[in-house]
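Chemist: Quick check, what structure comes out for this input:
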Amino acid sequence: MQASAPRLLTEHFDVDDVLIDDDPAPSYNVAPRADVLTVYERDDRRRLSPMRWGLVPSWAEDLAIGDRLINARAETLTEKPAYRHAFERRRCIIPADGFYEWQTLVGGKKHPVYIHARTGEPLAMAGLAEIWSDRDDPHAPWVRSCAVVTTAANATVRPVHDRMPVMLDARDWAQWLDRDVRDPFALAPLLVPAPEDLLEWWPVSTRVNAARNDDASLIEREDPLTLFS
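Modeler: Got it, this is the predicted structure:
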């Protein structure tokens, strides 16, 4: 979920250049293929720019592959051809005000919960980025895309799901974004579950199940007796 204004993200992530044509509307229900704001570095300057969610490797035949590459497991980044180059050279931060997961209840029924920082500050999700263009069309525009890096869930998230996005501490942002850092062993210590006290979560409306629903009411706490009836 990205609801924070670009101005806030610029200040929070110490961004040098904002590459946005128009301020995007807040999104409380981001779906694959949607543009999300990302932070990355180029020419020693930190930039804020939109990217398509769903990584499209440079060698892909078309954009459709991105639908299967929205998340990248931290444990296999150096093994998967789709992620190896991005992990080495094109790391980014994907700011998020929170995210949804679906908790399995007794009887197998699943219901959404909203997970976010206890402080209310934007989360810094570790991301990978790529650029792609249709080789069959010399006039095709470049497409920038991204994926969220995930790791094992911490004790806070584990009751809901066994995986969670990698959350980068502010002291690690510079190292993660530094394109000169290519040693996976130097980056491995960053790809760990978030501290137990960083996040909190609560149940929300099942309206979040449909991407067409996108408003602030989606993150409001719902009475479990009403939601789970």
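Chemist: would you put the C-alpha positions of the top helix by length along the chain in PDB?
Modeler: If you go by DSSP state H, the chain has its longest helix at helix 81-89. Taking Å, rounded to 0.1, in the frame of the first residue of the first chain, the C-alpha atoms of helix 81-89 are listed here in PDB:
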ATOM      1  CA  PRO A  81      18.300 -16.100 -13.700                       C
ATOM      2  CA  ALA A  82      15.300 -13.700 -13.400                       C
ATOM      3  CA  TYR A  83      16.800 -12.000 -10.300                       C
ATOM      4  CA  ARG A  84      20.600 -12.600 -10.400                       C
ATOM      5  CA  HIS A  85      21.500  -9.500 -12.400                       C
ATOM      6  CA  ALA A  86      19.000  -7.200 -10.600                       C
ATOM      7  CA  PHE A  87      20.400  -8.400  -7.200                       C
ATOM      8  CA  GLU A  88      23.900  -7.600  -8.400                       C
ATOM      9  CA  ARG A  89      23.300  -4.200 -10.000                       C
END
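Chemist: Run the chain-centre distance for it.
Modeler: Relative to its chain's centre, helix 81-89 lies at 16 Å (C-alpha atoms, centre = their mean, to the nearest Å).
Chemist: now swap in stretch 106-125 and tell me
Modeler: That offset, for stretch 106-125, works out to 13 Å (C-alpha atoms, centre = their mean).
Chemist: ok, now stretch 160-167?
Modeler: 11 Å.
Chemist: picking that back up, C-terminal to the longest helix of the chain, what's the next element?
Modeler: Next along the chain after helix 81-89, taking DSSP states H and E as the criterion, comes strand 91-96.
Chemist: Name every strand pairing with whatever helix or strand comes next after that next one and say which way it goes.
Modeler: Per DSSP H and E, strand 91-96 leads on to strand 99-104 as the next helix or strand towards the C-terminus. Strand 99-104 has its sheet partners listed here by DSSP bridges as strand 110-117 (antiparallel).
Chemist: Quick one, grab the pLDDT at residue 228.
Modeler: Residue 228 carries a pLDDT score of 45 in this model.
Chemist: could you pull out the strands for this structure?
Modeler: Counting by DSSP state E, the chain has strands at residues 17-18, 35-42, 45-53, 71-73, 91-96, 99-104, 110-117, 123-132, 143-152, 163-165, 199-203.
Chemist: so what secondary structure elements neighbour the longest helix of the chain?
Modeler: Using 3 or more C-beta pairs under 8 Å, 6 or more residues apart in numbering; DSSP states H and E as the contact definition, the elements that helix 81-89 packs against are strand 71-73, strand 123-132, helix 184-187. Every C-beta, even on glycine, is put in place using the N, C-alpha and C of the backbone.
Chemist: One more pass at 6 Å, please.
Modeler: Judged by 3 or more C-beta pairs under 6 Å, 6 or more residues apart in numbering; DSSP states H and E, the packing partners of helix 81-89 are strand 123-132.
Chemist: quick check: mean pLDDT across the strand it packs on?
Modeler: Average pLDDT, strand 123-132: 97.
Chemist: Also stretch 186-199?
Modeler: Predicted confidence along stretch 186-199 averages 96 (mean pLDDT).
Chemist: Distance check, residue 181 against residue 80.
Modeler: Residue 181 is 19 Å from residue 80, where distance means C-beta to C-beta, to the nearest Å.
Chemist: Could you list the low-pLDDT ranges of this protein?
Modeler: For the chain, the stretches with pLDDT under 70 are 224-229.
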